[in-house]
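[1] Can you look at this prediction? I've put the sequence above it.
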Amino acid sequence: AMAACAVITEEEEELEASFNALSIHPHAAGLATAIRFGAKKPAQPSRNDQAAPRWKYVHQGRVYLTSAGPQPHLIDSWLLQDNAMHEEGGAYGALAHPDGFSTHVVLVVDSSGSMRKQDVPGYASRTQAVYKCLGQEFLQPQLRKEAALGLGKAVVSLITMGDYPIIRFERAAINANLAPVLEELADSGGRYHGNYLPALRTVRDLLLLDRGKPVKNVVFFLSDGAPSDHNEMRCEHGVQVWQGTGEVWVSSGREVLQSCGDDVRECRQAIIKQVQTECCDAVKELAAQFGPDNLSFHTVAFGDPREDFAVLQAMAKAVPQSSFQKLGLAAHHLSSVFSSLSTTLTTLRTEGAGRGLTLRQGRRRESSASASEEQWRETITPDGGWDIYTNEHGNLESKLAYDRLTKEFDLVPLCPGASGVAIKQLYFAEGAERTASRCTEVQGMGSADAGGAAKVVGHPLVAKESLYVEQLEDAKFHKEMARAQAEAQYLADSFNSRVRAVLQDRYCAGMAVHFNPCHIYQVKDPNYTAGVAWILAEPELDGVFTKWNNNGGKTSRRSHDHDGAHSQPRDIPQVFSHFTWSVTNRAKLLCDLQGVWNATDGFVLTDPVIHTDHSSSSDQPDKARHTNKGMDGMRAFFSTHTCTDLCEKLGLLSPS
């Protein structure tokens, strides 16, 4: 996209020159940039000439209204108004509003003028940072888990908080249709004040509609400063002591505030305390209405650390299930907060779906910046954020690999020179069932008492850990995952041989399918209930990570260069999934194909899902996984699969 934006046509250069020269409108100079980089939308035609079309260009929170044609004339320009995003048929019109939900998340986001500030690195404004992170770290994880885990039904509402609150959307289903709405909101501009009390009353009115229903309510309240409600309030003398008089102090340049006499300072402080008390009372009222078990209230301070966030902190203390977090203006802290909110919601949705699993708490995600900037070190230590298990430390038990022929896990040696394994305490990616952390085999350097340092040996690994407490210390869970991957490799070997035989001279290495080999490390760790933990690890993948299909029937046709063979490598993942169903006589279908590709190695995949027909398959290593959707998953795959000539050449069974 950046490359496309960088191409400037001669016509655009002429436009920029004409705009700079004319300067008829104060924002004319920005139009050329908006034309190149902004979103183009049709506008209402001229009221005077219905035949004259017009365009709107939206860029960085500003709308540019122009005439059509090769040299558009700037008719008007204005800051993007919040209400303008609710046009009929826009992104908001695509939102669904389901009934029978078990969880309701209410987001209250500050939309005061200070949210326009451009002081968050990497973002055009504080507002943009909030909604971008909300989409990436809250919505996207929910979409992945929704597709894979069959979570309970949840809805989300969004209230923006300015001089008055606006309900942007109400009880919307958490699905992909929310993404364009959040993108629009990211370009909205804040204005005026941020009044807490009207927003809290709106939260109350919104939630009261579900009072008496079995609904868990989660309120997330974000602001970049103290409440502004005091500006309109009167002191005991009837004076708005926080309102200006229109005069300015010569010494400071600040506006002179109204006065009620000698007690004005005490009156102003009394109003500030009154605002805090009323805000806390509003939160307590919510808890009283819904009960402490059905309401959690989380406040977030996302602004200059020097701001006064005492009210946000006090609001969080007003109810039992609550939290207060002061983030400063670091976007990675904001990402962590929304990731935690997503984790909280997943826990509630899991309970709502009757899954009976407890989501792990306290795990922290490694920021993308630190993950990409930190070089692979030759020596690592616990102080550097690693858990190290070695023979020297006396806390490594064994390394196991699954043998498909014997259907047993055998002891296998560490790589040459290694005496243990180390795993990074922060994870860098999260899937539907597990997190992924950096990992490596190591050679111990002295005892744990001597600092526990270790030397990195061998190639980088990736360790996979369950999201759920019950599975974390369950060796069976990890072994079933390793068995599934070994089963996938067996099917891949059969597929590669068949494709090579059928295509002969038209076969190329880029068509091969491989699955990453897994190993399981058993270690001693007092932080786990039984003092023993299991680490499933596999080689780190090199390349652009791609998901070619999922376990719900969706596919991605990512193209690859290929020199002339009729069957393109991009078709291989879908053909392979079809092949697994056919070769197992409709008993299994392997999908959720994700990993990397290159012309030399072909597809190197990881974390597959095997849908199984429980009525006809007795050896089902994947049947206990929640991602196994059985016959429904198979039907979902074939509902989107279009057979290629390779499916026919391989003689695959027809889904009909």
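    The structure has been received and is ready for your questions. Numbers count the residues shown, from 1 in each chain.
[2] mind checking which helix or strand the closest residue to residue 415 other than its chain neighbours is in?
    In this structure, residue 415 finds its nearest non-sequential neighbour in residue 458, 4.0 Å apart by CB to CB, 6 or more residues apart in numbering. C-beta: built from backbone N, CA, C; applies to glycine. In the assignment (DSSP states H and E), residue 458 maps to strand 454-466.
[3] Okay, now the sheet partners of that strand, with direction.
    strand 379-380 (antiparallel), strand 434-444 (antiparallel), strand 532-539 (antiparallel) (DSSP bridges).
[4] Go through the ones you listed and name the closest to residue 410.
    strand 532-539 (15.5 Å; CB to CB).
[5] what's the closest one in contact with?
    397, 421, 423, 439, 459-465, 472-475, 478, 481-482, 485, 516-525, 527, 606 (CB atoms under 8 Å, 6 or more residues apart in numbering).
[6] could you redo the last one with a cut-off of 7 Å?
    Residues outside strand 532-539 that contact it (CB atoms under 7 Å, 6 or more residues apart in numbering) are 421, 423, 439, 459, 461-464, 473, 475, 478, 481-482, 516-525, 606.
[7] now that strand, how far from the centre of its chain.
    25 Å (CA atoms, centre = their mean, to the nearest Å).
[8] what's the answer for stretch 539-552, then?
    Worked out by CA atoms, centre = their mean, stretch 539-552 lies 17 Å from the chain centre.
[9] residues of that stretch that come out buried?
    Within stretch 539-552, the residues scored as buried using 16 or more other CB atoms under 10 Å are 539, 541, 546-552.
[10] Quick one: classify the residue nearest to residue 545 when sequence neighbours are not counted as helix, strand or coil.
    Nearest residue to residue 545, sequence neighbours excluded (CB to CB, 6+ apart): residue 596, at 6.1 Å. Secondary structure state of residue 596, per DSSP: H, G, I helix; E, B strand; the rest coil, is strand.
[11] State the distance from residue 596 to residue 549.
    Distance of residue 596 to residue 549, given as CB to CB, to the nearest Å: 15 Å.
[12] which residues of the stretch 201-350 of the chain score low on pLDDT?
    212, 350 (pLDDT under 70).
[13] That one: strands as residue ranges?
    216-223, 244-248, 255-257, 295-301, 322-326 (DSSP state E, counting those that start in this stretch).
[14] Please produce TSV containing those, extended by mean neighbour count and distance to residue 114.
    What follows is those, written out as TSV (neighbours: other CB atoms under 10 Å; distance: least, CB to CB, whole Å):
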stretch	mean neighbour count	distance to residue 114
strand 216-223	24	9
strand 244-248	10	18
strand 255-257	13	17
strand 295-301	24	13
strand 322-326	17	16
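[15] Looking at those, which is nearest to residue 287?
    strand 295-301 (5.5 Å).
[16] Name the nearest residue to residue 142, sequence neighbours excluded.
    Residue 142 sits nearest to residue 174 (CB to CB, 6+ apart), 5.1 Å away.
[17] number of nearby residues for that neighbour?
    25 (other CB atoms under 10 Å).
[18] I'd guessed it sits against residue 158; true?
    No. At 11.8 Å, residue 174 does not count as touching residue 158 under the criterion of CB atoms under 7 Å.
[19] what mean pLDDT does stretch 513-521 have?
    Mean per-residue pLDDT for stretch 513-521: 93.
[20] Now do it: everything it contacts.
    399-401, 412, 421, 478-479, 482, 485, 488-489, 492, 495-496, 534-539, 541, 572, 576, 602-606, 608.
[21] quick one: the residue nearest to the spatial centre of the chain and residue 585, what's the gap?
    Geometric centre of the chain, nearest residue: residue 137, 2.7 Å, by CA atoms, centre = their mean. From residue 137 over to residue 585 the distance is 43 Å, taken as CB to CB.
[22] Residue 637 is nearest to which of the strands paired with strand 454-466?
    strand 434-444 (22.2 Å).
[23] So which residues make contact with that closest one?
    363, 380, 388, 390-393, 414-415, 417-424, 426-429, 454-458, 460-467, 537.
[24] Tell me the buried residues in the longest helix along the chain?
    Secondary structure of the chain read by DSSP state H shows that its longest helix is helix 475-503. Of all the residues in helix 475-503, those buried under the rule 16+ other CB under 10 Å are 477-489, 491-492, 495-496, 498-499, 503.
[25] out of the strands paired with strand 454-466, nearest to residue 106?
    Nearest to residue 106, of the strands paired with strand 454-466 and by CB to CB, is strand 434-444 at 27.6 Å.
[26] Now find how far off-centre that closest one is within its chain.
    Using CA atoms, centre = their mean, the offset of strand 434-444 from its chain centre is 24 Å.
[27] so that strand versus helix 475-503, what angle?
    Strand 434-444 and helix 475-503 are oriented at 100 degrees to each other (axes from the mean of the first three to the mean of the last three CA atoms, to 10 degrees).
[28] buried set for strand 434-444?
    Buried residues in strand 434-444 (16+ other CB under 10 Å): 434-444.
[29] Look up how far residue 76 lies from residue 519.
    Taking CB to CB, one finds residue 519 at 65 Å from residue 76.
[30] same check, this time on residue 135
    Taking CB to CB, one finds residue 135 at 30 Å from residue 76.
[31] Also residue 236?
    Distance, residue 236 to residue 76, using CB to CB: 47 Å.
[32] Spit out the contact partners of residue 244.
    Going by CB under 7 Å, 6+ apart, the list of residues near residue 244 reads 255-257.
[33] same question, residue 285
    Listed by CB under 7 Å, 6+ apart, the contact set of residue 285 reads residue 204.
[34] can you check residue 182 too?
    131, 134-135, 139.
[35] Local confidence estimate at it?
    pLDDT recorded at residue 182 is 92.
[36] And it, which helix or strand is it part of?
    helix 178-186.
[37] buried stuff in that helix?
    Neighbour-count burial for helix 178-186 [16+ other CB under 10 Å]: 178, 181-182, 184-186.
[38] Over to stretch 110-128?
    For stretch 110-128, burial by neighbour count (16+ other CB under 10 Å) applies to 110-112, 114-116, 120, 123-128.
[39] which among these gets closest to residue 509?
    residue 123 (42.7 Å).
[40] for that closest one, what are its contacts?
    Neighbours of residue 123 in contact, by CB under 7 Å, 6+ apart: 129, 132, 331.
[41] For the second one, which non-adjacent residue is closest in space?
    Using CB to CB, 6+ apart and skipping residues adjacent in sequence, the residue nearest residue 132 is residue 186, 5.4 Å away.
[42] Please apply the same query to residue 185.
    Using CB to CB, 6+ apart, the closest residue to residue 185 is residue 131 (4.7 Å).
[43] Does that neighbour lie in a helix or a strand, and which?
    Assigned by DSSP H and E, residue 131 falls in helix 126-133.
[44] Give the other helices and strands that the helix or strand residue 579 falls within contacts.
    Here residue 579 sits within helix 572-583, counting by DSSP H and E. If you count contacts as 3 or more CB pairs under 7 Å, 6 or more residues apart in numbering; DSSP states H and E, helix 572-583 packs onto helix 475-503, strand 588-591, helix 645-649.
[45] can you give me the strands in the stretch 51-200 of the chain?
    With DSSP E, counting those that start in this stretch as the criterion, the stretch 51-200 of the chain has strands at 54-59, 62-67, 74-79, 103-110, 154-161, 165-173.
[46] Specify the angle between the second one and strand 54-59 in degrees.
    Following the same axes, to 10 degrees, one obtains 160 degrees for the angle between strand 62-67 and strand 54-59.
[47] so what does strand 62-67 touch, helix or strand wise?
    helix 31-37, strand 54-59, strand 74-79.
[48] Same question for the fourth one.
    Counting by 3+ CB pairs under 7 Å, 6+ apart, the packing neighbours recorded for strand 103-110 are strand 154-161, helix 196-208, strand 216-223, helix 331-352.
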